[in-house]
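Undergrad: No letters, just coordinates:
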């Protein structure tokens, strides 16, 4: 049973940076597509970024393209989300997720989720 634990969230000011981490146990991140999603209060869970199991394909939501970078460290079995130039609209709970099926922006195939980490960006 793979488990995911996110960390790195916090309260920052607009323009600041944060790096989120998603540590996996019980499985290796290189075996799965890994994604980051976020959910703001009263809104649906939205796609942020994903990396394929090979690591050769990466996708970003248009709203974060050019500001966020997804990466992974296979030795540490961890996926990261580097977030730069943060904006108040980036405020949300950020979730790491794993897909055994395929690499997609759709949250449906992601069947293992972390507990989430809160990111709050003040103006």
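TA: The structure has been received and is ready for your questions. Computed from a prediction, not measured in an experiment: that's the story for all the values here. Numbering: from 1, shown residues only.

Undergrad: Is residue 80 bridged to anything, and to what?
TA: For residue 80, the beta-bridge partners are residue 21, residue 71 (DSSP bridges).

Undergrad: Regarding the residue nearest the centre of the chain, what is its secondary structure?
TA: The residue lying closest to the centre of the chain (C-alpha atoms, centre = their mean) is residue 36, at 2.4 Å. Per DSSP: H, G, I helix; E, B strand; the rest coil, the secondary structure class of residue 36 is strand.

Undergrad: what's the closest non-adjacent residue to residue 82?
TA: Spatial nearest neighbour of residue 82, chain neighbours left out: residue 69 (4.4 Å); criterion: C-beta to C-beta, 6 or more residues apart in numbering. Just so you know, the C-beta spots here come from the backbone N, C-alpha and C atoms, and that holds for glycine as well.

Undergrad: List the buried residues for the helix or strand of the chain with the lowest mean pLDDT?
TA: Lowest by mean pLDDT, DSSP states H and E among the helices and strands of the chain is strand 110-113, with a mean of 95. Neighbour-count burial for strand 110-113, counted by 16 or more other C-beta atoms under 10 Å, picks out 110, 112, 113.

Undergrad: which residues does the nearest residue to the first one once chain neighbours are set aside bridge with?
TA: Spatially, and ignoring its direct neighbours in sequence, residue 110 is nearest to residue 97 (3.7 Å; C-beta to C-beta, 6+ apart). Taking DSSP bridges, one finds residue 35, residue 113 as the beta-bridge partners of residue 97.
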